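Asks: Sharing a sequence plus its predicted fold:
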Amino acid sequence: QVQLVESGGGLVQAGGSLRLSCAASGRTSSINFMGWFRQAPGKEREFVAAIYWGGGNTYYADSVKGRFTISRDNAKNTVYLQMNSLKPEDTAGYYCASYGIGSIYHTRSVAHWGQGTQVTVSS
C-alpha cells in the first residue's frame with residue numbers, strides 16, 4: 001500500500017500562485033508514475049499533470065500547460081505541483097495520485113489517492 005498526504009491548498013486571487021505538495025509513504029518502491037487530478041463541484045474528476053518517477057518525464061492537461069509545473073523529489077518521496085497564473089476556473093479539490101496499470105489520463109488507472117486539498121481562486 002501507498003499512503004499519500006497532500007498539503008498547500010488555499011485561497012488565492014486570480015493571477016496568483018500556489019504550490020501543492022504530496023508526500024508518499026509505504027510501498028514507495030512500487031511507484032512508477034505520480035500525478036494530480038482535480039474535481040470541481042458537480043464535475044467529474046479530471047487529469048491535471050503526471051510525472052514518471054524514474055526519468056522525470058512530465059505530462060499535462062492542455063488547460064494547465066504553460067501555467068502548472070509538476071516535479072518530484074525522490075529522496076523525500078514527494079511530488080509537487082507549482083501553479084502559476086491561476087484562474088477562477090482552476091478552483092477545485094486537488095487530489096494526489098499514484099498509478100497502477102493503464103493510461104495516466106484516466107482515474108481508473110489510479111491505484112492510490114490522497115485525501116485532497118482545496119484550491120480556491122477568486123476573481
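Replies: Sure, I can see it.
Asks: For stretch 98-109, list every residue counted as buried.
Replies: Within stretch 98-109, the residues scored as buried using 16 or more other C-beta atoms under 10 Å are 98, 99, 104, 107, 109. Where you see a C-beta, it was placed from the backbone N, CA and C, and this is true even at glycine.
Asks: Pick the one among those residues closest to residue 115.
Replies: residue 98 (13.5 Å; C-beta to C-beta).
Asks: Look up how far residue 5 lies from that closest one.
Replies: 12 Å (C-beta to C-beta, to the nearest Å).
Asks: Distance to residue 65, secondary structure and pLDDT added to the buried residues of stretch 98-109, as a markdown table?
Replies: Putting the buried residues of stretch 98-109 into a markdown table (distance: C-beta to C-beta, whole Å; DSSP: H, G, I helix; E, B strand; the rest coil; pLDDT from 0 to 100) gives the following:
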| residue | distance to residue 65 | secondary structure | pLDDT |
| --- | --- | --- | --- |
| 98 | 22 | strand | 96 |
| 99 | 20 | strand | 94 |
| 104 | 15 | coil | 95 |
| 107 | 20 | helix | 96 |
| 109 | 20 | helix | 95 |
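Asks: Any idea which residue is closest to the centre of the chain?
Replies: Centroid check for the chain by C-alpha atoms, centre = their mean gives residue 36 as the closest residue, at 2.1 Å.
Asks: For it, give me its contacts.
Replies: 20, 22, 48, 49, 50, 70, 79, 81, 94, 95, 96, 97 (C-beta atoms under 8 Å, 6 or more residues apart in numbering).
Asks: show me the contacts for the last one.
Replies: Neighbouring residues of residue 97 by C-beta under 8 Å, 6+ apart: 4, 34, 35, 36, 37, 50, 110, 112, 113, 114.
Asks: All good on my end, thank you.
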